[in-house]
Every structure is written in structure tokens, then in C-alpha cells.
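Participant: Following is a predicted model, sequence given first.
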Amino acid sequence: MLQSVPLSVIKPYYIQYACLNTRKCYSENRMNSSLQEFDPQVFEIANEDLIRQQDTLTLIPSENYASKAVMQAQATVLANKYAEGYPYQRYYNGCLPCDKIEALAIERAKALFNAEHVNVQPHAGTQANMAIYQALLKPGDTILSMKLDHGGHLSHGLPQNFSGYYYNIIHYGVSPDTELIDLDYVADLAKEHQPEMVVVGASAYPRLLDFSEWRKIADSVDAYLFADISHIAGLVAGKVHPDPIPYSHVVSTTTHKTLRGPRGAIIMCKSEYAGDIDRTVFPGLQGGPFMHAILARAVAFKEALQPGFGEYQAQIIRNAKTLADQLMKNGFRLVSGGTDNHLMLIDLTSITDKLSGRQAANYLEEAGITVNKNTIPFDKRSANSTSGIRLGTPMITSRGMKETEMIVIADLISEAIKQRKKASSRKRIREKVRELCQAFPIYEDLNL
Ligand code: DSN
């Protein structure tokens, strides 16, 4: 047979076949090349970010440093496996290790949050929220949620987002006087608009949320209460923030913010909604789960179940309060006058009307401090420009920094903004930041 086939066609097959059991050939097929050997260009870029993360102070409240164990889990061969379905009910063979992993991740998440049911498959927060809306609502139903420019999230009804496209969104915001959510006003809106779902949760709200009060509002109009705790999940798991689980019909969270896991999300709900949620995640919205990410989520839940995790979360809040107090001492106004959680919003108009959040974030980046621009409530600037910057303490707390360092960082931020025109000042701050970063390394022995 082979003799009748031209050599040019045979050769690639022959090489592949002959290679299967030889190390030499695997390496010709690049199966054994390291990233550094095979693709030094990409390796260098990844390394560049490792150095950036090590040498700069990141105060973006939605980011964190996943542990080495979590990162190792994500780089395992589980990334090679399709496992559509749920544990012990898959549409692929060879899924027993995946079944064990997913069952373990679910068991650990349930233990961590005391949840009746957990789905650990959503690829990201927005996908989790999409599944919740699709499972419990019909297109056109009314959702009552927080405005993006008062601290809400894209997936809570921004017109350009799927949520704003498919559902009738009614927004609440913060009160102009206190910059806090006025629950009486939310209750009035609920009464007026009779939503099918009330969404509580934010990405730029520096105060605690009392979920029992939110449940009363939802019950008053027979609506679902959906808590998106992506920002505060670590604080909740660490028992330093009120718990949404007893009061919410359904809860979503990403796993990579204060929770300090890998990127991704989970959904928690009362048992009666389990079937609807699971069917909507798969096959409704997703195909194969990312098993390597689920493995890493299981590791992160184990970390969060350790006794020290609550203390880490408590330190995040102590650090945020210290940072906030020092910034206020230095003359900055913070939205709502401070913070009770992991984040705060600086109102830059308290210093000058001439500086936008975008400019301030860029000046700070030059000084080695990474933050993000953010609208403040009733902002006169656009989302691209903004009058505020958002700061958070999860990452600097992960590095082991405490109150003493917060005062230093607040002073560096203040100087970098106030002395922004002076290159010498930026250079001096950059040096100080580098020293601080060296004293608090992110990983002791991480090699890519
Ligand atoms: N974009 C995230 C944040 O920074 O808060 C939320 O998804």
C-alpha cells in the first residue's frame, strides 16, 4: 500500500508515527520544549509583567496575587481535557479525575460560604451573571440594580452590555448628600417598578452592605435577591463583611479579587434553583468547563478555609482604613468620607478641577503606583476621563504590608499627585516605591 503513495505524503505521517515513543521526536514536535526555549519572545513579555508586578505597587481593588499553588494548578494537564457536563455525568470519556476535581471544588466552596448549591464552572463574572439572569428571568423582565457611574458593574444593566440589552433596567444610585445607598429610596423604586430581580453588589462602593435589609426590599415586591459579591467575596469568606448567603436567592462571585484565587467565577444558590442554574451554565451558555481553572479554584478555596485567611481579610480592611485616613489628612476628599471595606475613591476635584482621573492614574503609574481611573458619583467627566481614582488594599496586603506602610504609601500617592509636574519628585517617589517593593516581594522564588 505504502509503495503506491508518493513519498512527500508519507513522510509527515511516518515522522509522526516514528516519533511517538522517542524523546528526540517529542522534542522535534515541540512537546518537550519549555516556553523559554520555544518562544523566547512571549516568555520575555510574561517576564516583563512579573518584573512589573514585583517592582510596582498595585492598588487596583479588583486584582490580587494568586498563590504559587494556585498558579501551578492552572498550568496542569487538566487544561487538555474536555469535560462537558457535571461530575459523574459527562459527555466525554476519561473524565474521572475531572469529576473528582469538580466535586472537590464544589464541596470546598460550599464549606467556605455555607452555600446550599454551588456551580464552579462559569468562566468569568459576567458569564456567571448572564447565567443567573437567564435562569431566573425572561427577556424584558425588570431588574433593579446600581448605576455603573455610582459604583455598579457593566453586567448590572449597562445599555451596551447584554444585561441592558435584554432586560428592563431600573437603576438606583447613592444619595447626593451622603454618597451612601439610601435603602428607603431603593424600596420606593422597587415599589414603583415592581422588579422581578433586585441586584445588590458593586465594584466601587466603599461601604458595607447589609443583605438582610436588601432581602426585605426584594420580598416586598416578590423579587429575587441576587447578590454579586465579586469584590467582597474574600471579606465575606473571612467573616469581616456581612454575609449575603442566608438572605439571597442567588449569589455570584469572581474568584480572583479579594478571594485571591485564579480568574473565574462561581454561582451559589438555594437548592431549589440548582437545576435551573446548572442547566443555564451548561449547556445554556458554556460548553466545556476549564478544568485547570476549576482545579485552581479548588486550591484557592482550600487556602481560604485556612485559619489565617480571616486575619488576612481583616488586615485588608485595617490597611484600607489607614490609607484612607492618611489620604484625608493630606487633604484629599474620599467619596462617602472613607471606607469600611477594601477600597476607596479619591475625589480629585478636592485638589483641583484641572486633573482628571485618567491623568492622575498616568502620573501615578510613572511613579510606580498602579491604580485605575473611576467615576465618582455625579461625576461631571466621562467614564474615559473621570474625576476620581479607585484604590484598594488586597494586593499590598498580600505582600505583607501593614498600617506603617499604608501611611508611607498614602504620602507617596499624595506627593505624586500634588507634585505631578516635577519630574524630580516622580523620580524620587519611583525610587521609594522600588525600595518598598523589594522589602515586600510578591513571590519568594518564582521562576517562570
Ligand atoms: N472590572 C472589575 C473591576 O475592576 O471592578 C469588575 O469586573
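Facilitator: Nice, thanks for sending it over.
Participant: The ligand versus residue 328, what's the distance?
Facilitator: Residue 328 sits 23 Å away from the ligand, going by CB to the nearest ligand atom, to the nearest Å. C-betas here are computed from N, CA, C, even on glycine.
Participant: That residue sits in which helix or strand?
Facilitator: According to DSSP states H and E, residue 328 maps onto helix 308-329.
Participant: ok, the following helix or strand past that helix: who's next to it in the sheet?
Facilitator: With elements assigned by DSSP H and E, the helix or strand that comes after helix 308-329 is strand 333-334. Strand 333-334 sits in its sheet next to strand 343-347 (antiparallel), going by DSSP bridges.
Participant: Which element is encountered next along the chain beyond the partner strand?
Facilitator: Counting by DSSP H and E, the element after strand 343-347 in chain order, helix or strand, is helix 357-366.
Participant: between that next one and strand 343-347, how many degrees?
Facilitator: Put simply, helix 357-366 runs at 120 degrees to strand 343-347, going by axes from the mean of the first three to the mean of the last three CA atoms, to 10 degrees.
Participant: Please tell me how far whichever residue of the stretch 201-350 of the chain sits closest to the ligand sits from residue 54.
Facilitator: Nearest to the ligand, among the residues of the stretch 201-350 of the chain, is residue 203, at 3.4 Å (CB to the nearest ligand atom). The gap separating residue 203 from residue 54 is 26 Å, by CB to CB, to the nearest Å.
Participant: So for the two, which residue has more residues nearby?
Facilitator: More crowded of residue 203 and residue 54, by other CB atoms under 10 Å: residue 203, with 22 against 17.
Participant: ok, so what distance separates residue 180 from the ligand?
Facilitator: Counting by CB to the nearest ligand atom, the gap from residue 180 to the ligand is 19 Å.
Participant: for that residue, phi and psi?
Facilitator: phi -110, psi 160 (degrees, to the nearest 10).
Participant: Contacts only, for it.
Facilitator: Counting by CB atoms under 8 Å, 6 or more residues apart in numbering, residue 180 touches 174, 207, 336.
Participant: tell me the contacts of residue 348?
Facilitator: Contacts of residue 348 (CB under 8 Å, 6+ apart): 332, 355-357, 360, 387-389, 417.
Participant: Format the contacts of residue 180 as TSV; extra columns: distance to the ligand and secondary structure.
Facilitator: Converted to TSV, the contacts of residue 180 look like this (distance: CB to the nearest ligand atom, whole Å; DSSP: H, G, I helix; E, B strand; the rest coil):
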residue	distance to the ligand	secondary structure
174	17	strand
207	16	coil
336	17	helix
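Participant: helix, strand or coil for the most centrally placed residue in the chain?
Facilitator: Nearest to the geometric centre of the chain sits residue 257, at 3.9 Å (CA atoms, centre = their mean). Of the three states, residue 257 takes coil under DSSP: H, G, I helix; E, B strand; the rest coil.
Participant: Can you classify the spatially closest residue to it that is not a sequence neighbour by secondary structure?
Facilitator: Spatial nearest neighbour of residue 257, excluding adjacent residues (CB to CB, 6 or more residues apart in numbering): residue 62 at 5.0 Å. Three-state call for residue 62 (three-state DSSP): coil.
Participant: Test my guess that residue 62 contacts residue 374.
Facilitator: No - the criterion here is CB atoms under 8 Å, and residue 62 misses it with residue 374 at 10.8 Å.
Participant: check contacts around whatever residue of the stretch 51-200 of the chain ends up closest to the ligand.
Facilitator: Relative to the ligand, the nearest point of the stretch 51-200 of the chain is residue 62 (3.3 Å; CB to the nearest ligand atom). Applying CB under 8 Å, 6+ apart, we find residue 62 in contact with 203, 230-231, 254, 257, 392.
Participant: Quick one: those as CSV, columns for distance to residue 323 too.
Facilitator: What follows is these, written out as CSV (distance: CB to CB, whole Å):
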residue, distance to residue 323
203, 18
230, 21
231, 16
254, 23
257, 17
392, 9
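Participant: Could you identify the most distant pair in those residues?
Facilitator: The distance between the two most remote of these (CB to CB) is 14.0 Å, for 254 and 392.
Participant: Those two: which is more packed in?
Facilitator: The neighbour comparison of residue 254 against residue 392 (other CB under 10 Å) goes to residue 392, with 30 against 24.
Participant: so what pLDDT did the more buried one get?
Facilitator: Per-residue pLDDT puts residue 392 at 98.
Participant: again with residue 445
Facilitator: We have a pLDDT of 73 for residue 445.
Participant: swap in residue 29?
Facilitator: 74.
Participant: and the gap between it and the ligand?
Facilitator: Residue 29 sits 39 Å away from the ligand, going by CB to the nearest ligand atom.
Participant: Please tell me how far that residue sits from residue 82.
Facilitator: With the distance defined as CB to CB, residue 29 ends up 22 Å from residue 82.
Participant: and if you look at residue 115?
Facilitator: On the measure of CB to CB, residue 115 and residue 82 end up 27 Å apart.
Participant: More neighbours: the two, which one.
Facilitator: residue 115 (19 against 16).
Participant: pretty sure that one is touching residue 243, no?
Facilitator: No - here residue 115 lies out of contact with residue 243, judged by CB under 8 Å, at a distance of 10.5 Å.
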